[in-house]
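K.L.:
From the sequence below, what's the structure:
(one chain, ligands or ions: 1)
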Amino acid sequence: MKYAYLGPAGTFTESALLQVPGAVDAQRIPATNVNVALSMVREGSVDAAMVPIENSVEGGVSATLDAIAQGQALQIIAEILVPISFVLAVRPGITSLDQIQLISTHGHAWAQCRLWAEASIPAAVFTPASSTAAAAVALTENEPQHDAAICNPLVAEERGLNVLVRGVEDNIGAVTRFILVTRPGKIPAPSGVDKSTLILPLPQDRPGALMEILEQFSARGVNLSRIESRPTGEGLGQYFFSVDFEGHIADERVAAALSGLHRVSPELRFLGSYPAAQGVEPFVDTHNSDAAFSDARAWVKSLRDRL
Ligand SMILES: O=C(O)C(=O)C[C@]1(C(=O)O)C=C[C@@H](O)C=C1
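P.N.:
Residues are numbered from 1 along each chain as shown. Down below sits the predicted model:
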């Protein structure tokens, strides 16, 4: 397997990739951003890409939500959770917080440390980097453009950077969720605790369209675990929903919800069913069990056989 990931080496995304069985010894290609990583998958130069999709503090990663919603179809085959804690690394010569004028990191990381930064280095100006590791690596250049970087403790250690402060995140216990993305292919077999992801364009032409979408899930007892709206980019008021729910396409209730959704929003995209990184087997009412669905189907068929 050959993997792309949001690089350079030392990002939290690489930490997520290293949790994938076999990835430690596999070829790992750093990409400068999420779009580049996903393009490598689409054009076939790698087998899969690891990209961030949401953080428990800052929410959805728009670049990923948008890139997998549009363009050539992709599939999610796994999710990985990584606990997030940041350090403040500094360039040689900086020994105290009041010397820091320019501070760099990834936008999502900055959002998770903003309160600490406002209180501790109020005069410092933030300059965005393509990743936390890119900001850290830049401190090792001959003439660094910034004085400090907020990054993964591992990259600071690997690059021999001076760390002034540890644990600069505003929320202890933050977690980022990453997804492993391939070209569409075989769907991982149900594990018992699975998740599925959909992109659902919101039908424009009628009131109650969102309700129609939601009732497809609720009528079959399918529990949503994330729903976010994103603009399609085609004009004000035009949205799609990015939705995760508990269950696998092999489950009858999920298949029934999907066929209902296809009628309501025919342009929907199924992004895959894959083992959930945490959670318990979902509670399924008797009337939403696989057996109840196949009994009902057989009953209707017996009636239609009389046509
Ligand atoms: O910059 C990194 O190290 C990344 O892996 C990206 C990213 C993100 O996009 O949210 C991942 C985890 C952290 O929440 C901060 C940044």
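K.L.:
How about stretch 23-37 and the ligand, any contact?
P.N.:
No: shown here: stretch 23-37 not in contact with the ligand (CB under 6 Å from any ligand atom), separated by at least 7.8 Å. To be clear about C-beta, it is placed using only N, CA and C from the backbone, and glycine gets the same treatment.
K.L.:
And the strands in the stretch 201-307 of the chain?
P.N.:
Counting by DSSP state E, counting those that start in this stretch, the stretch 201-307 of the chain has strands at residues 224-231, 239-246, 269-275.
K.L.:
now what about the first one, what contacts it?
P.N.:
Read it as strand 224-231. Strand 224-231 is contacted by residues 54, 59-60, 62, 65-66, 69, 195, 202, 214, 217, 238-246 when judged by CB atoms under 8 Å, 6 or more residues apart in numbering.
K.L.:
Turn the strands of the stretch 201-307 of the chain into CSV, including mean pLDDT and mean neighbour count.
P.N.:
Below are the strands of the stretch 201-307 of the chain laid out as CSV (pLDDT from 0 to 100; neighbours: other CB atoms under 10 Å):
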stretch, mean pLDDT, mean neighbour count
strand 224-231, 95, 15
strand 239-246, 96, 22
strand 269-275, 98, 21
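K.L.:
Reformat these into TSV and put distance to residue 147 next to each item.
P.N.:
Formatted as TSV, these follow (distance: least, CB to CB, whole Å):
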stretch	distance to residue 147
strand 224-231	35
strand 239-246	37
strand 269-275	41
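K.L.:
Would you mind giving these as JSON lines with distance to the ligand added?
P.N.:
Below are those laid out as JSON lines (distance: least, CB to the nearest ligand atom, whole Å):
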{"stretch": "strand 224-231", "distance to the ligand": "15"}
{"stretch": "strand 239-246", "distance to the ligand": "15"}
{"stretch": "strand 269-275", "distance to the ligand": "18"}
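K.L.:
Correct me if wrong: residue 255 contacts residue 249.
P.N.:
Yes: if you go by CB atoms under 8 Å, residue 255 and residue 249 touch, sitting 6.3 Å apart.
K.L.:
Now do the contacts for the residue nearest the centre of the chain.
P.N.:
For the chain, the residue nearest the mean C-alpha position is residue 53 (1.6 Å; CA atoms, centre = their mean). Residue 53 makes contacts with 60, 61, 64, 65, 79, 177, 178, 179, as judged by CB under 8 Å, 6+ apart.
K.L.:
can you confirm it is in a strand?
P.N.:
Yes: counting by DSSP: H, G, I helix; E, B strand; the rest coil, residue 53 is part of a strand.
K.L.:
What does the pLDDT read for it?
P.N.:
What the model reports as pLDDT for residue 53 is 98.
K.L.:
likewise residue 47?
P.N.:
98.
K.L.:
what comes into contact with stretch 135-152?
P.N.:
8, 10-12, 15, 86-91, 94, 99-106, 109-110, 113, 117, 121, 124, 127, 129, 132-133, 155-156, 159-161, 164, 168.
K.L.:
any chance you could map the helices in the protein?
P.N.:
12-18, 34-43, 62-69, 107-120, 132-138, 153-158, 209-218, 252-264, 290-304 (DSSP state H).
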